[in-house]
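[1] here's my sequence, what's the structure:
(one chain, ligands or ions: 2)
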Amino acid sequence: MASPVPSVSELVQEARRTYEQVFGGEAPEVAVCAPGRVNLIGEHTDYNQGFVLPMALPMVTVVVGTRTSGQSVSIVTVTKDVEEPNRVDFNLPSDGSPLSPGHPKWANYVKGVVQHYRAQPVPGFRAVIASSVPLGGGLSSSASLEVAVYTFLQQLNPDDGDKVAKAVACQQAEHTHAGVPCGIMDQFVSVLGREAHALLIDCRSLEATLVPLSDPSLVILITNSNVKHSLTGSEYPTRRRQCEEAASILGKASLREATMKDLEDSRDRLDNVTYRRARHVIEEIERTSQAAEALKRSSYKIFGKLMVESHNSLRDLYEVSCRELDELVAAAMEVDGVYGSRMTGGGFGGCTVTLLQAHVIDRTILHIQERYSGSPTFYVTTPSVGAQVLRLS
Ligand code: ADP
Ligand code: MG
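    Ligands and ions are numbered 1, 2, ... in the order given. The predicted structure follows:
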């Protein structure tokens, strides 16, 4: 069975109860939320200025809170998954000096957003965070936290409302305060996602095209492998560096500018690993454009085939898959009525995404459960709305 996802109002209630307990019975004045995301195709292409095709999820991070008159910030997260103190208190520097990252680590995402918020100075505040996005599962709980905090700050001290600049500020927060040199995809779709649509993002121009995705005969299944291999931290920056190196050897500003012909022409100037990394990126960018076209035509078989090609390339050329993700994809593809399946997110664990006919959902879940050596969690999801301000009734 698929796991139930708590509703936004349930999360708000939870955050609100905690807020009242922790902050002396006072009720919060503001509530906002921002979603996690699943990437349908276009993996490790965003930081190469390529295309990605994610959708926002019904799983969200909620922030409730209140502006205060001083310079102090107090934040509590209700999640039990951070293995660190769940409360942090700090003062906003009055002389404009930067807020440095520190402990607990989860608070660095908040500090980063405060630092990069586009209407300074940020006032003092008290807030509680609650989330239905699994932490560290590749569904971007980090971007949903950043975008939720940014949306919260917009209620305290409004900026100009520019949505792309908001996504970029949240990406900056992750770079400078969490130490993750991520691309723009996660924050972008968390801000700009739309119900019943996937979002084709051109990460070079930062233009986004909505692609309808609401066919009732179709289901998007996310399977969490519930493993996370510790490689992730170091491998991501390494991949990023290898791509930059390949682009520079090809004489291009980024791999987005390169064709397979460019790559083949320069093959003897690249070592084998760099060649394979670049090949994945160049072909994946092309696959993502083709997949968006296929989705517009409701050509799900073609879309599914491209998903599997994407997975195989991530496994063999980019080398960011793992045994568990490969098992999950193989098991899904054994079921009649499954169009395609692939690892999603950075890799080395986390989730797979599977596109299938709605009527085979139960059979598919059962089959994956039977075949997978670990214990998976399933989410049946629909494309959902981006960050929102919520009513506190
Ligand atoms: P992903 O974004 O795929 O979920 P990351 O490793 O990028 O994985 O981000 C997970 C981290 O984000 C957590 O370890 C924690 O530091 C932070 N985080 C995300 N959501 C929350 C939350 N609700 N409360 C506290 N920290 C959170
Ligand atoms: Mg993340």
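[2] show me where the chain dips below the pLDDT cut-off.
    Residue ranges of the chain with pLDDT under 70: 231-232.
[3] write out the residues of it neighbouring ligand 1.
    61, 77, 79, 82, 105-106, 109, 129, 131, 135-142, 145, 345 (CB under 6 Å from any ligand atom). Every residue, glycine included, has its C-beta placed from N, CA and C.
[4] pull out the buried residues from those.
    Using 16 or more other CB atoms under 10 Å as the burial test, those include 61, 77, 79, 106, 109, 129, 131, 135, 137-142, 145, 345 as buried.
[5] re the thing from before, among the residues of the chain next to ligand 1, which are in helices?
    By the criterion of DSSP state H, membership of the residues of the chain next to ligand 1 in helices covers 109, 141-142, 145.
[6] what sits closest to residue 207 if chain neighbours are left out?
    residue 201 (7.6 Å; CB to CB, 6 or more residues apart in numbering).
[7] pretty sure the one you found sits against residue 188.
    Yes: Residue 201 lies in contact with residue 188 (CB atoms under 8 Å); the separation is 5.5 Å.
[8] what touches both of those two?
    Common contacts of residue 201 and residue 188 (CB atoms under 8 Å, 6 or more residues apart in numbering): residue 208.
[9] hmm, back to that, nearest to ligand 2, of the ones in helices among the residues of the chain next to ligand 1?
    Among these, residue 142 lies closest to ligand 2 (CB to the ion), at 3.3 Å.
[10] what sits against that closest one?
    Here residue 142 is in contact with 109, 174, 178, 180, 186 (CB under 8 Å, 6+ apart).
[11] quick one: name the residues of the stretch 1-150 of the chain near ligand 2.
    With CB under 5 Å from the ion as the criterion, the stretch 1-150 of the chain meets ligand 2 at residues 140, 142.
[12] re the thing from before, between the contacts of residue 142, which has the most around it?
    Highest neighbour count within the contacts of residue 142, by other CB atoms under 10 Å: residue 186, with 28 neighbours.
[13] quick revisit: so of the contacts of residue 142, which ones are in strands?
    Among the contacts of residue 142, none falls in strands (DSSP state E).
[14] where do the helices sit along the protein?
    Under DSSP H, the chain gives helices at 8-22, 107-116, 141-156, 163-177, 185-192, 232-249, 260-265, 272-296, 300-316, 323-333, 361-371.
[15] please identify which of these is closest to residue 124.
    helix 141-156 (9.2 Å; CB to CB).
[16] skipping its backbone neighbours, what lies nearest whatever residue of the stretch 151-300 of the chain ends up closest to ligand 1 in space?
    Closest to ligand 1 within the stretch 151-300 of the chain is residue 180: 6.2 Å, counting by CB to the nearest ligand atom. Nearest residue to residue 180 in three dimensions, chain neighbours excluded: residue 174, at 5.1 Å (CB to CB, 6+ apart).
[17] verify the stated contact: that neighbour with residue 182.
    Yes: under the criterion of CB under 8 Å, residue 174 makes contact with residue 182 at 5.2 Å.
[18] shared neighbours, those two?
    residue 143.
[19] tell me which residues touch the spatially closest residue to residue 375 that is not a sequence neighbour, please.
    The spatially closest residue to residue 375, leaving aside those adjacent along the chain, is residue 226, at 6.0 Å (CB to CB, 6+ apart). Shown in contact with residue 226 (CB under 8 Å, 6+ apart): 137, 374-377.
[20] wait, doesn't residue 125 sit right on residue 63?
    No: Residue 125 lies out of contact with residue 63 (CB under 8 Å); the separation is 9.6 Å.
[21] higher neighbour count, those two?
    Set side by side, residue 125 and residue 63 show more neighbours around residue 63, with 31 against 26, by other CB under 10 Å.
[22] how much space between the residue nearest to the spatial centre of the chain and residue 56?
    Nearest to the geometric centre of the chain sits residue 140, at 3.1 Å (CA atoms, centre = their mean). Distance from residue 140 to residue 56, counting by CB to CB, to the nearest Å: 10 Å.
[23] spit out the residues that contact the two alike.
    Joint contacts of residue 140 and residue 56 (CB under 8 Å, 6+ apart) are 36-37, 190.
[24] in a markdown table, list those along with neighbour count.
    Shown next, in a markdown table, are those (neighbours: other CB atoms under 10 Å):
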| residue | neighbour count |
| --- | --- |
| 36 | 33 |
| 37 | 32 |
| 190 | 33 |
